[in-house]
Structure formats: C-alpha cells, structure tokens
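>>> Have a look at this prediction, sequence included:
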Amino acid sequence: MTHDELCQLEGARRRALWALACLRPGDPRASDLLAILDDLDDQEPNDTPCSDKPLDLIEVRNSVSVMRHSSGIDIILEQTIPQPWRERFNQASVGSTRLFDGPYASDWDKFLVEWEREMQHLQKHRAVQVGRN
C-alpha cells in the first residue's frame, strides 16, 4: 500500500470514527458507518514484520521512543511509530500544536487512550448490529 493510499484509508477511518462517536449503539444511522469501517478493516495493510497479526495497543505504545526536548517537554520520535499507527495518529492530530522535532508525548498518550475508547464504542455498535441480524 502506498503512503497516499494509507493516508486516504486512515483519513476515511478517522472521519467514520468521529461520526460514530456521536451515535449511541443501536442507532440505525450507524449501519452505514459500520459498513465503511468494516470495509476499511478489510483494506488495512498487514505489513507487521515477523507476524501475521497487527500490533496490539500495548506493543504500539512500547515501540515508540520518547525523548526529552531541550524545551523541557517530552516528545515522541515519529519515525518509531509503526504504520498504520503513525498515519492514524497524524490523522487524529491534524491541527495540533507540536515542536519541530516531534509531537508532544502527551498527545501520543491521549491518542492511544482515545483510540481504545473509540474501539470499545465501535465494539458496542457491532454487538448491537450482530444482535439484530
């Protein structure tokens, strides 16, 4: 998958997750968003080295290097974020303040916490949808 394709895929995922966040599980308006997210999951690249399964959240968190910037703020080294997580973080962080040398580590931590919440919310929607079928 090219960088542009990954950017488009994760941009679409981000828009769908943000739209889904406004809906309660069971809301009929969620079905189109769930279909989009299912399709995006099917398109997701599986480029993780030495594995046939994507990295879980703990592995992703542990793989990213944090360093103390000369300004006294902890930042992350973007090149240590494995794809597709780097693009997911970039899509969720559009417009965020950052240092030239890297994003704030606190923003990375917030992203991971929010991602986990979004996945729990998504699972609730999917559970209701399965219960209806």
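Right, received. Where do you want to start? Every value quoted in this text rests on a predicted model; they were computed, and no experiment measured them.
>>> could you pull out the strands for the chain?
Remark: strands of the chain, listed N- to C-terminal, are 66-68, 74-76; assignment by DSSP state E.
>>> Show me the longest helix that occurs in this structure.
Determined from DSSP state H, the single longest helix within the chain is helix 105-132.
>>> packing partners for the helix or strand of the chain with the lowest mean pLDDT?
Taking mean pLDDT, DSSP states H and E as the measure, the helix or strand of the chain with the lowest value is helix 57-63, at a mean of 89. If you count contacts as 3 or more Cβ pairs under 8 Å, 6 or more residues apart in numbering; DSSP states H and E, helix 57-63 packs onto helix 105-132. The C-beta positions use only the backbone N, C-alpha and C, and glycine is treated the same way.
>>> circling back: most tightly surrounded among the strands of the chain?
Greatest average neighbour count among those goes to strand 74-76 (a mean of 20), per mean count of other Cβ atoms under 10 Å.
>>> What ranges in this protein fall below the confidence cut-off?
45-55, 133 (pLDDT under 70).
>>> Mind checking which residue lies nearest the centre of it?
Among the residues of the chain, Arg88 comes closest to the average C-alpha position under Cα atoms, centre = their mean, at 4.1 Å.
>>> contacting residues for that residue?
Going by Cβ atoms under 8 Å, 6 or more residues apart in numbering, Arg88 touches 10, 13-14, 111, 115.
>>> And the residue nearest to Val60 when sequence neighbours are not counted, how close does it get to Asn62?
On the basis of Cβ to Cβ, 6 or more residues apart in numbering, the spatially nearest residue to Val60 that is not a chain neighbour turns out to be Trp85, at 5.0 Å. Taking Cβ to Cβ, to the nearest Å as the measure, Trp85 falls 12 Å from Asn62.
>>> Neighbour count: the two, which is higher?
With other Cβ atoms under 10 Å as the criterion, Trp85 and Asn62 differ in neighbour count, and Trp85 comes out ahead with 22 against 9.
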